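S.K.: requesting a structural model of the entry that follows:
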Amino acid sequence: MKDMLRAAFVIARRDFTAVILTRTFLFFLLGPLFPIMIGMAFGGLGEKISQDSLRPAAGLSMPPAETARMLEAREGIARRIGADHISALKAASWPADPRRLLADSDAGYVAVVSGTVDRPVLTGPPADIARLEGDIRLIASAAKTRAILIEVHVERHPVMQSASGQAQARLTTGRGAQILIFLLTMLLAGMVLSNMVEEKNNKVIEILAAAVPIDAVFLGKLMAMLSMSFIGILFWGGCAMAAMGALVGPGFTLPAPAVGWPVFILLAVLYFAMAYCLLGSLFLSIGAQAATVREVQTLNMPVTMAQMAVFFFATYAVDHMGSAPEIAAVLFPLSSPFAMIARAAQDGAIWPHVLALLWQAMWVGLIIRMGVWLFRRHVLNSGARRSLFRRRATPPV
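M.R.: Alright, predicted model coming up:
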């Protein structure tokens, strides 16, 4: 066992330095940042568009006295509930045909309110009428009664947080951790699937298998890819912290998990490592049977879809702690890290996580052993090489 671990560390150091000391690794680190920056840019653009479109402006083509009453009522309502929650009104020409006003591209409103305060008439496209009708009815009612939401003083008795609110906040924290671990696992573990194809084609794997146990080769490659993943996470995490410090105000706080932030962060790191090792050892075992990159690409999609189904099962179970689906998600090895990190956010007990980590580590070892057995049988077996995913050639007649 000691010799195998020593050999695994040698393989891990070899693969780690071979990947880290390349220019392509820099592009690997910077690659995920470009979609995030583009997403933030489009998010800001979309927010601006939504602010302009969700509360469209309506023109007021009423007598001056009626227009003043409508504008005053709208401003009074806006002061109470916020200007973003009530449609904007703009004074328009009067008297005028509402259809002609809407035909003017420089008018700046999508519908026209004509008539009087007692009997307003809304003219515009059906979709805009549906969006504006409720606001116009509220504004006209306030203008008619001249009573703009009389304020009543509310006495405040602040508390730290209610039990229901705390449970919901912890559930949100657990879901966020699940999504983060899943995205990182799927982003980083996919590289393991094609890790051994090149070395198999170059006959390097045969030299390694002759020098060290094949178990050490599998374990070392998995350790190397996991170490490289942690470097990427540290870099991306640092960028995320810098961005949050620049964009988020100092009063922003995240809902605290049940086990506390230090233990929760430690468990998140451990469960990411276990999720990566479980999926990575499975990918490594499957990829070791492939003979070409095309086979690897063909296998990538069904394996990814299966893992997404496992993740959705874990997210469903997070709402039902102690139920049969949640226990099944905890026991099933591929969904166990996602289910347990959500449990850490909602339950302060530590001993279930110790058992879960041991359970997941045992399955990592079993998957590696199964992959090694398949590799020896289908790849290192003497005679002609035969891939697990290829049909046997039909013998000549």
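S.K.: residues in contact with residue 102?
M.R.: 109-112, 123-124 (C-beta atoms under 8 Å, 6 or more residues apart in numbering). Every C-beta, even on glycine, is put in place using the N, C-alpha and C of the backbone.
S.K.: whoops, residue 233 was the one
M.R.: Applying C-beta under 8 Å, 6+ apart to residue 233 gives the contacts 184, 272.
S.K.: okay, now the unreliable bits of the stretch 251-397 of the chain?
M.R.: 251-254, 293, 380-397 (pLDDT under 70).
S.K.: got the domain ranges for this structure?
M.R.: As assigned by automatic domain parsing, the chain contains the domains 2-31+164-378, 54-145.
S.K.: which SSE is immediately downstream of the host helix or strand of residue 264?
M.R.: Assigned by DSSP states H and E, residue 264 belongs to helix 261-287. Next helix or strand after helix 261-287 toward the C-terminus (DSSP H and E): helix 293-317.
S.K.: between that following helix and helix 261-287, what angle do the directions make?
M.R.: Angle of helix 293-317 versus helix 261-287, following axes from the mean of the first three to the mean of the last three C-alpha atoms, to 10 degrees, is 140 degrees.
S.K.: show me what helix 293-317 packs onto, helices and strands only.
M.R.: In terms of contacts (3 or more C-beta pairs under 8 Å, 6 or more residues apart in numbering; DSSP states H and E), helix 293-317 is packed against helix 163-189, helix 261-287, helix 324-331, helix 336-346.
S.K.: now the third one - C-alpha only, CSV.
M.R.: Taking C-alpha atoms only, helix 324-331 is exported to CSV below (Å, rounded to 0.1, in the frame of the first residue of the first chain):
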residue,chain,number,x,y,z
ALA,A,324,-36.9,8.4,1.7
PRO,A,325,-35.7,10.4,-1.3
GLU,A,326,-33.3,12.4,0.8
ILE,A,327,-31.9,9.3,2.4
ALA,A,328,-31.6,7.6,-1.0
ALA,A,329,-29.7,10.7,-2.3
VAL,A,330,-27.3,10.5,0.6
LEU,A,331,-26.6,6.8,0.1
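S.K.: quick check: buried residues in it?
M.R.: 326, 329-330 (16 or more other C-beta atoms under 10 Å).
S.K.: what's that helix in contact with?
M.R.: The list of residues contacting helix 324-331 from outside it, by C-beta under 8 Å, 6+ apart, reads 313-314, 316-318, 320, 335-336, 338-340, 343, 352, 356, 359.
S.K.: what's the helix holding residue 264 packed up against?
M.R.: If contacts are counted by 3+ C-beta pairs under 8 Å, 6+ apart, helix 261-287 sits against helix 163-189, helix 214-247, helix 293-317, helix 336-346, helix 351-378.
S.K.: make JSON lines out of these and add distance to residue 7.
M.R.: Formatted as JSON lines, those follow (distance: least, C-beta to C-beta, whole Å):
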{"stretch": "helix 163-189", "distance to residue 7": "23"}
{"stretch": "helix 214-247", "distance to residue 7": "4"}
{"stretch": "helix 293-317", "distance to residue 7": "26"}
{"stretch": "helix 336-346", "distance to residue 7": "27"}
{"stretch": "helix 351-378", "distance to residue 7": "13"}
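S.K.: return the most buried member of those helices.
M.R.: Burial of the helices and strands packed on helix 261-287 is given as mean neighbour count (mean count of other C-beta atoms under 10 Å); helix 336-346 ranks first at a mean of 27.
S.K.: now for it, which elements pack on it?
M.R.: Right, helix 336-346 is packed against helix 163-189, helix 261-287, helix 293-317, helix 324-331, helix 351-378 by 3+ C-beta pairs under 8 Å, 6+ apart.
S.K.: need those in CSV (columns: distance to residue 14).
M.R.: What follows is the helices and strands packed on helix 336-346, written out as CSV (distance: least, C-beta to C-beta, whole Å):
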stretch, distance to residue 14
helix 163-189, 19
helix 261-287, 16
helix 293-317, 21
helix 324-331, 36
helix 351-378, 18
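S.K.: of those, which is nearest residue 77?
M.R.: For residue 77, the closest of the helices and strands packed on helix 336-346 is helix 163-189, at 29.0 Å, according to C-beta to C-beta.
S.K.: could I get the average pLDDT for the closest one?
M.R.: The average pLDDT for helix 163-189 rounds to 82.
S.K.: again, but for stretch 5-21
M.R.: 85.
S.K.: got the buried residues for it?
M.R.: Of all the residues in stretch 5-21, those buried under the rule 16+ other C-beta under 10 Å are 7-12, 15-16, 19.
S.K.: save the domains of the chain as JSON lines, and put in distance to residue 154 too.
M.R.: Listed next are those as JSON lines, based on distance: least, C-beta to C-beta, whole Å:
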{"stretch": "domain 2-31+164-378", "distance to residue 154": "19"}
{"stretch": "domain 54-145", "distance to residue 154": "13"}
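S.K.: closest to residue 155 out of those domains?
M.R.: Nearest to residue 155, of all the domains of the chain, is domain 54-145, at 18.3 Å by C-beta to C-beta.
S.K.: out of the helices and strands packed on helix 293-317, the one nearest residue 229 is which?
M.R.: helix 163-189 (4.2 Å).
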